[in-house]
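Novice: sharing a model prediction with you, sequence too.
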Amino acid sequence: MKKKLLALGLAAILPGCVTVDGKGLSVDGSCIVCLTTKKTGSSTRATKDNIVVRTEYTSPLDVDSTYAVIKSEFKYKSPDEFHEGNIYTLQDSYKYVTTPGSYYYIRDPYIRHQFNGKVEKPILGFELIKRGSKTKIKQEIHYRISDNDVENKQLMDQLSNGIKQRTLRALR
């Protein structure tokens, strides 16, 4: 209701076509008030309390094939797919950089992984670097499973190892 009143008020004082949609307020197609709303309150998202676990390993495949396998296995989305129709995306947690033939970096806050009998949704990133005919994989996970720091570290190591094993199985 407030958006409609704001649009009507601005339409009366601003020349041109005023529109209000899920992305903000626009005049003649140019955004003048843009919304950057993010979902909050979830312990599965990047916060100061999350632990980051990194590990490195090697893929027997070339960098492009490794990228294709990981993208498919973990159902990573391209930037267009990720942003399509969703203004509540976690922009800071999503990253997608591709240089075919040499380098890829993908990170997504909506990856699902089965762990300890339930589905976990860590922020999972892969950096893929060409190393001759093979690929160096740098895997990182941002997450908090437990409020107990000692238990959380052990669980995060198990989660990281599970994701590494899943990745290596997919690369066979």
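Specialist: That came through fine.

Novice: report the rounded mean pLDDT for the strand or helix carrying residue 166.
Specialist: Following DSSP states H and E, one finds residue 166 within helix 149-170. Averaged over helix 149-170, pLDDT sits at 88.

Novice: check which residues of that helix are buried.
Specialist: Residues of helix 149-170 classed as buried by neighbour count (16 or more other CB atoms under 10 Å): 152, 155, 156, 159, 160, 163, 164, 167. (C-beta placed from N, C-alpha, C; glycine too.)

Novice: closest one to residue 66 out of the residues you listed, please.
Specialist: Closest approach between the buried residues of helix 149-170 and residue 66, by CB to CB: residue 167, at 9.0 Å.

Novice: for that closest one, what are its contacts?
Specialist: 70, 73, 126, 137, 139 (CB atoms under 8 Å, 6 or more residues apart in numbering).

Novice: quick one: it from residue 102, how far?
Specialist: The spacing between residue 167 and residue 102, counted by CB to CB, to the nearest Å, is 20 Å.

Novice: which stretches in the chain count as strands?
Specialist: 18-21, 24-27, 30-34, 51-59, 95-99, 103-108, 113-115, 118-120, 123-131, 134-143 (DSSP state E).
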